[in-house]
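1. below are the sequence and a predicted model for it; my questions follow.
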Amino acid sequence: MFETLTEKFSSVIYKLNNKGRLTQDDIDEVLKDIRLALLDADVNFKVVKSFIKSVKEKILPGEILEALSPSQYVVKIVDQELTSILGGTSSELLIKTDNSQNKILMIGLNGSGKTTSSAKLALHLSNNHYNPLLIPADIHRPAAIDQLKILGDSIDIPVFDSDPSQAPEIIVKEGLKLAESINSDFIIVDTAGRFTVDDDLMSELELIKNTVEPDEILLVVDAMTGQEAVNIAQDFNEKIGITGLILTKMDGDSRGGAALSISSVAGVPVKFIGIGEDVTSFEIFHPDRLSSRILGMGDILTLAEKAQQSFDEDNMAKMEQKIRKATFDLEDFLDQMQAIKKMGSFGQILDMIPGISNIKNNIAEDSVNENHLSKVEAIIYSMTPHERQKPEIIGGSRRKRIAAGSGTTPKDVNQLLNQFKQMRKMMKEMSSPKGQKKMMRMMSQSKGIGKLPF
């Protein structure tokens, strides 16, 4: 996410590393590089102009805080301004406090990921102890209703059994009755889209809006369309009115123009982002955290939240004991690997680690390759429970059998076993008091990788 922009910002900051003080020429060059980086990222030119003006007013030649180097000083100011144009603060869903139903209308063009986002939002609410109901009201796109039903079944969220022969507003009326009967506190209505904004779509949405009387109207837009996403947001806001935005396909957006422009230009906050196709690939939009990621400083808070959701505390305590006693086996390794996969792709996880952008290109591709992880899973699944618990019993004939069962080679199996053996030895050493002291010493002697610049 935002790889191109992160790389260019890192290049700008790198140039300042050996500077003792900032001169006016230094500032002019930095502002020029930042302007070009933002324009190349397809950020709205008015937003770029305003951003550069704000940064220029704050960066003064020679005025560096005692604790900060020139590069840290620039990063601090750029981070503040990026956070500001991204919306400043997180904008949460409006939730009624009187125990009445909360109604959300999902709108957007075809291909934006509206139906999938409806399911993702329902799962997010369910994980936060709400009882959502999904109402499919798209009678125009073939299989749209079936798609939402399949998604609802996969996450155990009820979906109203819509009749595509009925008008959307009739479907919604019936769905609202069901919501009341099953005590749903959130109703999410998935509406039809078009390939362009047209009068027929707006008329249909207006009818549904009047029927639902929504508390939130969330527009789903494809982040990869850049400035077109900004134009779409403006059109929908003028014609139907929206309270928030969901940016999808953020994992494929290496530039970031839509995310950096849309709130400022459309005047509507981004509330959520989609970062993958899986229903769990959905995050609350935090402007300050996203700014951190863009500047290569990671996002420890989101990483911690994902880890908390993925790892069970009791299991972690048991795992710690197994590591200390050197009884950690391939069954445990498989469990941990699957828990990590729930957090997202390894590339996404790496982007949340402070400073990793500086060394990410030097990390072996195989170590973050999803296909490689699938191969490891296949090898472990091809073992018997006894072999997973006692990998040392796996000899030549067993390796051949496991390789045949997993579609790999005996060499692959052998490589995994050797890597696991080394990892278990290292984990045991690091869990000892002596090992922990050694690890702390190594961290203190590191060259600042992972350290926040201010």
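-> Yes, it's here.

2. per-domain residue ranges of the protein.
-> 3-85, 102-286, 302-444 (automatic domain parsing).

3. where does this protein have low pLDDT?
-> 1, 61-68, 252-256, 296-327, 338-372, 427-454 (pLDDT under 70).

4. any idea which residue is closest to the centre of it?
-> With distances taken as Cα atoms, centre = their mean, residue 275 lies nearest the centre of the chain, 4.3 Å away.

5. still on that earlier bit, now for the domains of the chain, which one comes closest to residue 295?
-> domain 3-85 (5.6 Å; Cβ to Cβ). For every residue, glycine as well, the C-beta is placed using N, CA and C.

6. so what's the gap between stretch 8-16 and the chain middle?
-> Centre-to-centre, stretch 8-16 and its host chain are 25 Å apart (Cα atoms, centre = their mean, to the nearest Å).

7. and residue 247, that one's in a strand?
-> Yes. Counting by DSSP: H, G, I helix; E, B strand; the rest coil, residue 247 is found in a strand.

8. who does it bridge with?
-> residue 221, residue 273 (DSSP bridges).

9. please give me every residue in contact with it.
-> 221, 223, 229, 258, 259, 262, 270, 272, 273, 274, 285 (Cβ atoms under 8 Å, 6 or more residues apart in numbering).

10. scan this protein for its longest helix.
-> helix 410-431 (DSSP state H).

11. which neighbouring elements make contact with it?
-> Counting contacts by 3 or more Cβ pairs under 8 Å, 6 or more residues apart in numbering; DSSP states H and E, helix 410-431 is packed against helix 313-324, helix 330-342, helix 370-381, helix 396-406, helix 433-444.

12. let's see it at 6 Å
-> If you count contacts as 3 or more Cβ pairs under 6 Å, 6 or more residues apart in numbering; DSSP states H and E, helix 410-431 packs onto helix 313-324, helix 396-406.

13. figure out how far that helix is from the centre of its chain.
-> On Cα atoms, centre = their mean, the centre of helix 410-431 falls 31 Å from the chain's centre.

14. same question for stretch 259-274.
-> For stretch 259-274, the distance to the chain centre is 15 Å (Cα atoms, centre = their mean).

15. for stretch 389-406, same thing?
-> The answer for stretch 389-406 is 37 Å, by Cα atoms, centre = their mean.

16. try stretch 163-176
-> The answer for stretch 163-176 is 33 Å, by Cα atoms, centre = their mean.

17. same deal with stretch 101-114?
-> For stretch 101-114, the distance to the chain centre is 19 Å (Cα atoms, centre = their mean).

18. show me which positions of that stretch end up buried.
-> 102, 103, 104, 105, 106, 107, 108, 109, 112, 113, 114 (16 or more other Cβ atoms under 10 Å).

19. list the contacts for the third one?
-> This points to residue 104. The contact partners of residue 104, taken as Cβ atoms under 6 Å, 6 or more residues apart in numbering, are 188, 216.

20. renumber starting at 9 from here on
-> Got it, first residue is 9 now, which makes that one residue 112.

21. partners of it in the sheet?
-> Bridge pairing for residue 112 - DSSP bridges - gives residue 196, residue 224.

22. what's the spacing between it and residue 341?
-> Distance, residue 112 to residue 341, using Cβ to Cβ, to the nearest Å: 41 Å.

23. quick check: residue 291 touching residue 281?
-> Yes. With contact defined as Cβ atoms under 6 Å, residue 291 reaches residue 281; the gap is 5.3 Å.

24. those two: who's more crowded?
-> residue 281 (24 against 21; other Cβ atoms under 10 Å).

25. tell me where the protein has strands.
-> 110-115, 140-144, 194-198, 224-230, 252-256, 278-282, 290-292 (DSSP state E).

26. for residue 166, find the nearest of the ones you listed.
-> strand 140-144 (5.3 Å).

27. quick one: that closest one to strand 194-198, angle?
-> 20 degrees (axes from the mean of the first three to the mean of the last three Cα atoms, to 10 degrees).

28. okay, now residue 403: neighbour count?
-> 8.

29. distance of it from residue 422?
-> For residue 403, the distance to residue 422 - Cβ to Cβ - is 11 Å.

30. go on, residue 408?
-> Taking Cβ to Cβ, one finds residue 408 at 11 Å from residue 422.

31. quickly list what's touching both of those two.
-> What both residue 408 and residue 422 touch, as defined by Cβ under 6 Å, 6+ apart, is an empty set.

32. which residues touch the closest residue to residue 152 other than its chain neighbours?
-> Leaving aside its chain neighbours, residue 152 sits nearest to residue 146 (3.9 Å; criterion: Cβ to Cβ, 6 or more residues apart in numbering). Residues in contact with residue 146, defined by Cβ under 6 Å, 6+ apart, are 152, 198, 200.

33. ok, and the closest non-adjacent residue to residue 432?
-> Nearest one to residue 432, counting by Cβ to Cβ, 6+ apart, is residue 336 at 5.6 Å.

34. how many residues are close by the one you found?
-> Considering only other Cβ under 10 Å, residue 336 is surrounded by 21 other residues.

35. just say which of the domains of the chain is most tucked in.
-> Across the domains of the chain, averaging neighbours per residue (mean count of other Cβ atoms under 10 Å) puts domain 110-294 on top, at a mean of 20.

36. helices of the stretch 109-258 of the chain, residue ranges please.
-> 122-135, 152-162, 176-189, 207-220, 235-247 (DSSP state H, counting those that start in this stretch).

37. quick one: list the elements packing against the third one.
-> In this case it means helix 176-189. helix 207-220.

38. swap in the last one?
-> Other helices and strands packing on helix 235-247, by 3+ Cβ pairs under 6 Å, 6+ apart, are strand 224-230, helix 265-274.

39. check the spacing between residue 159 and residue 191 real quick.
-> 22 Å.

40. likewise for residue 95?
-> Counting by Cβ to Cβ, the gap from residue 95 to residue 191 is 34 Å.

41. for residue 417, same thing?
-> Distance from residue 417 to residue 191, by Cβ to Cβ: 56 Å.

42. equivalent analysis for residue 198, please.
-> Taken as Cβ to Cβ, the span from residue 198 to residue 191 is 21 Å.

43. same check on residue 125?
-> From residue 125 across to residue 191, the span is 24 Å (Cβ to Cβ).

44. equivalent analysis for residue 102, please.
-> For residue 102 relative to residue 191 (Cβ to Cβ), the value is 20 Å.
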